[in-house]
Structures are given as structure tokens and as C-alpha cells.
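>>> quick check, what structure comes out for this input:
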Amino acid sequence: MGFTEAVRTVLKQKYATFSGRASRSEYWWFMLFCLLALFPLMIVAFVLAFATSGGGAPSPIHYTVVIWMLFILAVFLPVISLQVRRFRDRNISGWWYLALFILSFIPYVVLVTAPVIIVISMLPGTEGPNKFGADPLRPERSAEVFA
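Numbers count the residues shown, from 1 in each chain. Model prediction:
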């Protein structure tokens, strides 16, 4: 799966789909898209901020925060559903991701939960079908599910 196909799949076809599995390429291409999208947004925010700077105008950081928050709100649900599908590709329930996500709000616990999430996302998925669906890399083998 390439960059454009991954972005199109996550944003159009599986925007809020928590079922099924997501390959590593789908996950990491979409994360790269999110990272790359934040840089132009930051530039636009600074241009807007400095173009309107003057008496009583908000500082550039206000524009940056507002624009970043709008982007984060737009991709929040797709990122969560993609992460759950990535966990499922490893044959791990999405409820584990929810537990790690909630635990990450505890101070210093995020130093453990964030690397765990990243490592699980980096590991290859289970080969062939698992209890969460067909292998996203080899869907033709889906006929033998639990045979």
C-alpha cells in the first residue's frame, strides 16, 4: 500500500471503521501524512498571525494552536480507528489500546504506554487470518478462516 492509497483508505473508506485489520504500511503512511500536514498548517498559521498582527490581535501562537486543534479534531477518529485496527492485526484486542490510551493521561505512565503503542505498531501482523479478520496483505487466504 502506498502513501496516497493509505490516506484515501483511512480518510474515505475506513474513517470510523474499528473492525478488521490495518497493515503496517497503511498505518505508517497515514502517520507520515499527519506529520507532513502539520508543517504547512503551521506556516499558514504564522502567516495569518503576522499579517494580522497589530493592536490587540492574538499572538501567532494562538493561530497555530487553533489551526492545529482543528486538524487534530478532524483526524482524531480516523487515527483511533486505525490504531485499533493495527492492534487487531497483531491479534490484540482494541480494548488494550483503550486501556493504554487512558493510562497515558497519568503523569509519567505515558513514558511506558507510548513506547508500548509504538512497538506494537511496528511489529508485523499475524500471518493469515486471525480472530479479527483476513490478513490485509494476503486477503485471498481468507477462505480458510478457522477451518
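>>> all contacts plus neighbour counts: C-alpha atoms, from now on.
OK.
>>> quick check: longest helix of the protein.
helix 60-89 (DSSP state H).
>>> next, the buried residues of it.
60, 63-64, 67-68, 77-89 (16 or more other C-alpha atoms under 10 Å).
>>> what of stretch 129-137?
Applying 16+ other C-alpha under 10 Å to stretch 129-137 flags 129-130, 132-137 as buried.
>>> now do the end-to-end distance for that stretch.
For stretch 129-137, the first and last residues are 10 Å from each other (C-alpha to C-alpha, to the nearest Å).
>>> so what's the gap between that stretch and the chain middle?
Its chain's average C-alpha position is 19 Å from that of stretch 129-137, according to C-alpha atoms, centre = their mean, to the nearest Å.
>>> what's the mean pLDDT across it?
Averaging pLDDT along stretch 129-137 gives 84.
>>> relative to helix 60-89, how tilted is the following helix or strand past the longest helix of the chain?
With elements assigned by DSSP states H and E, the helix or strand that comes after helix 60-89 is helix 94-103. Inter-element angle recorded for helix 94-103 and helix 60-89: 150 degrees (by axes from the mean of the first three to the mean of the last three C-alpha atoms, to 10 degrees).
>>> CA atoms of helix 94-103 as PDB?
The C-alpha trace of helix 94-103 is given here as PDB (Å, rounded to 0.1, in the frame of the first residue of the first chain):
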ATOM      1  CA  GLY A  94      -8.700  -2.900  20.600                       C
ATOM      2  CA  TRP A  95      -9.600  -2.700  24.300                       C
ATOM      3  CA  TRP A  96      -5.900  -2.900  25.100                       C
ATOM      4  CA  TYR A  97      -5.300   0.200  23.100                       C
ATOM      5  CA  LEU A  98      -8.100   2.000  25.000                       C
ATOM      6  CA  ALA A  99      -6.500   0.900  28.300                       C
ATOM      7  CA  LEU A 100      -3.100   2.200  27.200                       C
ATOM      8  CA  PHE A 101      -4.600   5.400  25.900                       C
ATOM      9  CA  ILE A 102      -6.400   6.100  29.200                       C
ATOM     10  CA  LEU A 103      -3.300   5.200  31.200                       C
END
